[in-house]
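In: one predicted model, sequence on top.
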Amino acid sequence: MGKPASFIIDVEDNQNHTWQGKITWVQAGRTVPFRSALELMDLMDSVVQANPDADQVLSSASGREVFKKEERA
């Protein structure tokens with residue numbers, strides 16, 4: 001398991017009996033939208049299960065690239 005992760009979750013809407021909004025991974029300063037509560041959980045799980053320094057690209061179940069670490073010069 002990777003390092004502990006903190007998230008800010010902004011639920012902006014509730015359609016089709018599920019949540020839509022944005023999630024921010026605090027440590028990396030990355031924000032991505034989510035379209036369902038299940039996708040939200042997948043996004044959080046991808047961060048928690050990732051490499052501790054998060055150098056790899058994390059993908060949600062829908063295949064979108066999320067929380068990608070920026071290249072450092």
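Out: Cool, got the structure. Numbering: from 1, shown residues only.

In: please count neighbours and contacts with C-alpha atoms only from this point.
Out: Will do.

In: quick one, what contacts the closest residue in space to Ile8 that isn't next to it in sequence?
Out: Leaving aside its chain neighbours, Ile8 sits nearest to Thr24 (5.0 Å; criterion: CA to CA, 6 or more residues apart in numbering). Applying CA atoms under 8 Å, 6 or more residues apart in numbering to Thr24 gives the contacts Phe7, Ile8, Ile9, Arg30, Thr31, Val32.

In: host element of the second one?
Out: If I follow you right, that is Ile8. strand 7-15 (DSSP states H and E).

In: tell me, how many residues neighbour Pro33?
Out: Neighbourhood size, Pro33 [other CA atoms under 10 Å]: 18.

In: how about it, secondary structure?
Out: Here Pro33 takes the strand state, with states given by DSSP: H, G, I helix; E, B strand; the rest coil.

In: let me know the pLDDT of Met1.
Out: According to the prediction, Met1 has pLDDT 56.

In: in stretch 8-18, which residues are buried?
Out: When burial is assessed from 16 or more other CA atoms under 10 Å, stretch 8-18 yields the following buried residues: Val11.

In: CA atoms of that stretch as PDB?
Out: C-alpha atoms of stretch 8-18 as PDB (Å, rounded to 0.1, in the frame of the first residue of the first chain):
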ATOM      1  CA  ILE A   8     -11.300  17.100  -1.000                       C
ATOM      2  CA  ILE A   9     -14.600  16.000  -2.600                       C
ATOM      3  CA  ASP A  10     -17.000  18.500  -4.100                       C
ATOM      4  CA  VAL A  11     -20.300  16.900  -4.900                       C
ATOM      5  CA  GLU A  12     -21.900  19.300  -7.400                       C
ATOM      6  CA  ASP A  13     -24.900  17.400  -8.500                       C
ATOM      7  CA  ASN A  14     -27.000  14.300  -7.800                       C
ATOM      8  CA  GLN A  15     -28.500  12.800 -11.000                       C
ATOM      9  CA  ASN A  16     -29.600   9.200 -11.700                       C
ATOM     10  CA  HIS A  17     -29.300   8.300  -8.000                       C
ATOM     11  CA  THR A  18     -25.600   9.000  -7.800                       C
END
